[in-house]
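> Here is my input, please return the structure:
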Amino acid sequence: MNELHITVSSEAELPDVAKQILAFAKGRKLFAFYAQMGAGKTTLIKEMCRALGSYDKFSSPTYSIVNEYKIETTGESAYHIDLYRIETTEEFVNTGIGEYTTGNHYCFVEWAERAEGLLPDEAVKINIQTQGNIRNVAIFMS
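Numbering: from 1, shown residues only. Below you'll find the predicted structure:
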């Protein structure tokens, strides 16, 4: 398993962190985020989308479940999924979220633990731990 660990002490560092994560992912497009509420998942996803070339208005898809962003440089779509409100495997399957996570486009999944065992093995796993204003970001790939 490949691992990368990054300590983030300010939001100003996030554009560089996003680029590091995308480079570490080596072309993989599915990212599974694990972190507590308020740890900065959406903010990091926004910076990753910007690093890819998207300039859309970013927001958490907590209520819509899926937001789509356009990557201007390639014309591709990137999908931002929030599984916070998904409570069962059946609900995950019935909403069609699996179609987003198995496609050949960028997909960023918040609260990925709610889909444990349902996401493809090639997902890049990103765990964010908080210590005050410091974020310890651990990235894993199998």
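> Give the next helix or strand downstream of the lowest-mean-pLDDT helix or strand in the chain.
Every helix and strand in the chain was compared by mean pLDDT, DSSP states H and E; the lowest is helix 89-94, with a mean of 86. Downstream of helix 89-94, the first helix or strand assigned by DSSP states H and E is helix 97-101.
> and that next one, what does it pack onto?
Helix 97-101 makes packing contacts with strand 77-82, strand 106-110 when contacts are defined by 3 or more C-beta pairs under 8 Å, 6 or more residues apart in numbering; DSSP states H and E. C-beta coordinates here come from the backbone N, C-alpha and C atoms, glycine included.
> so what's the residue most central in space within the chain scoring on pLDDT?
For the chain, the residue nearest the mean C-alpha position is F108 (3.2 Å; C-alpha atoms, centre = their mean). You'll see F108 listed with a pLDDT of 97.
> residues contacting it?
Shown in contact with F108 (C-beta atoms under 8 Å, 6 or more residues apart in numbering): 31, 33, 45, 48-49, 78-81.
> how close does it sit to A78?
Distance, F108 to A78, using C-beta to C-beta, to the nearest Å: 7 Å.
> Please enumerate the shared neighbours of the two.
Residues touching both F108 and A78 (C-beta under 8 Å, 6+ apart): C49.
> Okay, strands next: where are they in the chain?
Using DSSP state E, the strands assigned to the chain run over residues 2-8, 30-35, 66-70, 77-82, 106-110, 124-131, 134-141.
> Strand 30-35 and the fourth one, what's the angle between them?
Spelled out, that is strand 77-82. Angular relation of strand 77-82 and strand 30-35 on a 0 to 180 degree scale: 30 degrees, by axes from the mean of the first three to the mean of the last three C-alpha atoms, to 10 degrees.
> Over to the first one?
Taking the same axes, to 10 degrees, one finds strand 2-8 and strand 30-35 inclined to each other by 50 degrees.
> Show me what counts as buried in strand 2-8.
For strand 2-8, the buried set under the neighbour-count rule, 16 or more other C-beta atoms under 10 Å, comprises 4, 6, 8.
> What of the last one?
Buried residues in strand 134-141, counting neighbours by 16+ other C-beta under 10 Å, are found at 135, 137, 139-141.
> if you skip the residues just before and after it, what's nearest to H5?
Spatial nearest neighbour of H5, chain neighbours left out: A138 (5.3 Å); criterion: C-beta to C-beta, 6 or more residues apart in numbering.
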